[in-house]
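S.K.: Generate a structure from the sequence data that follows.
(2 chains)
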Amino acid sequence: MLGSEENLKTLAQIQQAIEVVDRDRMREELTQSQRELLEESAIALRDAERVLIQKTEKELLKQLEGVTERLGNISKLIREKVKSINNIAKSLDSIEAVIKQIALIGGFASKLSK
Amino acid sequence: MSRILGFLFSIFLLLSLSQGCSVLSESQLSSIEALTIKSDSISSAPSAIFKSLNHLRYRRGLFYAASLTAPQNRIDELDALAKANIENEKRAAKADTYVNVLNSYIRAVGSLASDDRSKNIGREIRGIGNNIDSIIISYNILIDDNLPEGIAKLGGKSLGMIAENITKGKQYKFLKEFMMTGDSLVACCCDTLIALLRSESMNSLIENEKSGLENNFKAYLTEMERIGQVPAMECYSEYLILRQKSLCINDLRNASVRALRSFKNAHHKIVEQLDCKQEIDLTEDLLELTKLIYDICLAVKKI
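M.R.: As a prediction, this is how the structure comes out:
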């Protein structure tokens, strides 16, 4: 199973706990200090929620890490092959450029000799 | 001169025959090209889900901070929200990196299969032949000699065709080799992504955002009511937008799962085609993939 079952259960419990604390801290009869104390509890629960979400997402992404690494290696090999094929064309391009220059000089020289 | 021509023709015939039976066909090329174009949208979907979940988490957190009465508590909640948001964005970017590997592989395959690879080499060699012919013409004028003209041009043409054919053969060989090795990994990658998207953990994360949004907005509204303030209309429209986004995440998840499955099958069929040297009709598979990608694009726009 992806992710820990316990984490997911705890995440749902934290959500419920936040709901309960929220209901309590909104009660009219509370004093401001009581309300602030309950708010602090709510913030602590929200922190716990964030930690669990982070943990769950990290676990999910870890599953991808191993698989994508191997595929990434193949991509690198393919690019190297593409590069080697392109190098042939590049070398031929340089040879063509040199011969072109010689042909130009030859053409110019033949025109002069006429 | 006839000997030279005969020799060149023999080489051309031999090399063409040796490579001609194993080059990429037009339909294979277009299938690979179609798959390359489509991989972008498929691979962007899983990270779009992570980004959307992060966005929802951040926005609902603002509602929650506004529901707190003590300034210090508000600051604490906002600080925690900012810190978590930075971490979440990093993770979403990481998801992008992982998923982009699939994309990068397909792009590399597309680049290797490209027709330009062989055509460039052929063009360069034809150019060399033409230029050598020009030198011979100039030489004949300069020295007043009678070297045969046109052979280099013809040779360049023939060699260009041979080189194109050899390169196509090499492309076919490399593609077959890499795509056959990559097939099981693409399948594994797609299966892992599908398992991730359909996992209980992903389900839990999506459900947590849906209920979290509702609860946090409820806390905000209750607090507003308690202190006798009327929430601004913008808050309601913000809630509506976020609510719609949270409901659309499931659509994107389902569309991604279907597209990944279809993508895996299309890749496998291309490999089969390369392996058997038989023409397998991929039109239906690619059309289905296009439709699924359209669904993904629609869902991404909504979240």
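S.K.: which residues of chain A fall in helices?
M.R.: A:5-25, A:32-113 (DSSP state H).
S.K.: Columns distance to B:Leu289, mean pLDDT and mean neighbour count on top of these, output as JSON lines?
M.R.: Just so you know, the C-beta spots here come from the backbone N, C-alpha and C atoms, and that holds for glycine as well. Output for the helices of chain A, formatted as JSON lines (distance: least, Cβ to Cβ, whole Å; pLDDT from 0 to 100; neighbours: other Cβ atoms under 10 Å in any protein chain shown):
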{"stretch": "helix A:5-25", "distance to B:Leu289": "33", "mean pLDDT": "91", "mean neighbour count": "17"}
{"stretch": "helix A:32-113", "distance to B:Leu289": "19", "mean pLDDT": "84", "mean neighbour count": "16"}
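S.K.: right, and those helices - which one's nearest B:Ser237?
M.R.: Nearest of those to B:Ser237, taken as Cβ to Cβ: helix A:5-25 at 22.9 Å.
S.K.: And chain B, is that closest one touching that?
M.R.: Yes - using Cβ under 8 Å from any Cβ of the partner chain, a contact is recorded between helix A:5-25 and chain B, made by A:Glu5, A:Asn7, A:Leu8, A:Leu11, A:Ala12, A:Gln15, A:Ile18, A:Glu19, A:Asp22.
S.K.: Closest one of those residues to B:Phe63?
M.R.: For the residues of helix A:5-25 next to chain B, the nearest to B:Phe63 is A:Asp22 (11.5 Å; Cβ to Cβ).
S.K.: for the closest one, what are its contacts?
M.R.: A:Asp22 sits next to A:Ala42, B:Ser67, B:Asn215, B:Lys218, B:Ala219, B:Thr222 when contact means Cβ atoms under 8 Å, 6 or more residues apart in numbering or on different chains.
S.K.: ok, 10 Å please
M.R.: Each residue near A:Asp22 by Cβ atoms under 10 Å, 6 or more residues apart in numbering or on different chains is listed here: A:38-39, A:42, A:45, B:64, B:67, B:215-216, B:218-220, B:222-223.
S.K.: Out of the residues you listed, which is nearest to B:Ser114?
M.R.: Using Cβ to Cβ, the contacts of A:Asp22 come closest to B:Ser114 at B:Asn216, 50.9 Å.
S.K.: Can you tell me how far the closest one is from B:Leu56?
M.R.: Going from B:Asn216 to B:Leu56 by Cβ to Cβ, to the nearest Å gives 10 Å.
S.K.: which residues touch B:Arg253?
M.R.: Contact analysis of B:Arg253 by Cβ under 10 Å, 6+ apart lists B:Ala45, B:Pro46, B:Ile49, B:Leu196, B:Leu197, B:Arg198, B:Met202, B:Asn203, B:Ile206, B:Ala299, B:Ile303.
S.K.: Show me what the host helix or strand of B:Leu53 is packed against.
M.R.: Using DSSP states H and E, B:Leu53 sits within helix B:26-66. Applying 3 or more Cβ pairs under 10 Å, 6 or more residues apart in numbering or on different chains; DSSP states H and E, one finds that helix B:26-66 contacts helix A:32-113, helix B:71-113, helix B:115-143, helix B:151-198, helix B:200-226, helix B:233-276, helix B:283-302.
S.K.: tell me how far that helix is from the chain's mean position?
M.R.: 11 Å (Cα atoms, centre = their mean, to the nearest Å).
S.K.: coming back round to it: compare the helices and strands packed on helix B:26-66 and say which comes out lowest on pLDDT.
M.R.: Among the helices and strands packed on helix B:26-66, helix B:283-302 carries the lowest mean pLDDT, a mean of 73.
S.K.: quick one, it and helix B:26-66 angle?
M.R.: Calculated by axes from the mean of the first three to the mean of the last three Cα atoms, to 10 degrees, helix B:283-302 forms an angle of 20 degrees with helix B:26-66.
S.K.: Show me what helix B:283-302 is packed up against.
M.R.: helix B:26-66, helix B:233-276.
S.K.: Which stretch among these is buried most, on average?
M.R.: Mean neighbour count (mean count of other Cβ atoms under 10 Å in any protein chain shown) peaks for helix B:26-66 among the helices and strands packed on helix B:283-302, with a mean of 20.
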